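Enquirer: The sequence isn't on hand, but the structure is:
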């Protein structure tokens, strides 16, 4: 699916639509987000998380690496992983990344996924965001 966003709000609406589509899936849900700095990856995560009924303030976990958001109504959880500062997947081993990726209750959104590619499952949703203009983004979901 290909979309164009003209604002952060539109990016969040596109993310919310995906969240609603994915919410009922069984098993772990892995979503990778690729794009240059400032492309809207965290903005996308904000819209996605909000659509699942999570009202926490969603910030980039660049320095924490992983943020956890429980979904009280379903017993599931969203993990927002930012691998920008990660050199290899083993850097996330102390945070138990492999267990997070395998837990059937988890929805995991990963920024900069190429840095942990060896441990990513084959079954995942891939999102690529590109700057078209300073305010416009192309968003590809596959």
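Expert: In hand now; what should we look at? Quick caveat, the model's predicted, so the values are computed rather than measured. Residues are numbered from 1 along each chain as shown.
Enquirer: Tell me where this protein has helices.
Expert: 8-22, 41-51, 97-102 (DSSP state H).
Enquirer: Save the ones you listed as CSV, and put in mean pLDDT, distance to residue 90 and mean neighbour count too.
Expert: For glycine as for every other residue, the C-beta is placed from the backbone atoms N, C-alpha and C. Below are these laid out as CSV (pLDDT from 0 to 100; distance: least, C-beta to C-beta, whole Å; neighbours: other C-beta atoms under 10 Å):
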stretch, mean pLDDT, distance to residue 90, mean neighbour count
helix 8-22, 95, 28, 18
helix 41-51, 96, 23, 24
helix 97-102, 96, 9, 16
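Enquirer: looking at those helices, which is closest to residue 114?
Expert: helix 41-51 (12.7 Å; C-beta to C-beta).
Enquirer: ok now that closest one, how far from the chain's centre?
Expert: Mean-position distance between helix 41-51 and its chain equals 8 Å (C-alpha atoms, centre = their mean, to the nearest Å).
Enquirer: neighbouring contacts of it?
Expert: Identification of contacts with helix 41-51 by C-beta atoms under 8 Å, 6 or more residues apart in numbering yields 8, 11-20, 23, 31, 33-35, 56, 58-60, 69, 78, 80, 109, 111, 127, 129, 139.
Enquirer: What about the residue lying closest to residue 125 once chain neighbours are set aside, how many residues nearby?
Expert: Using C-beta to C-beta, 6 or more residues apart in numbering and skipping residues adjacent in sequence, the residue nearest residue 125 is residue 31, 4.6 Å away. Using other C-beta atoms under 10 Å, residue 31 has 22 other residues around it.
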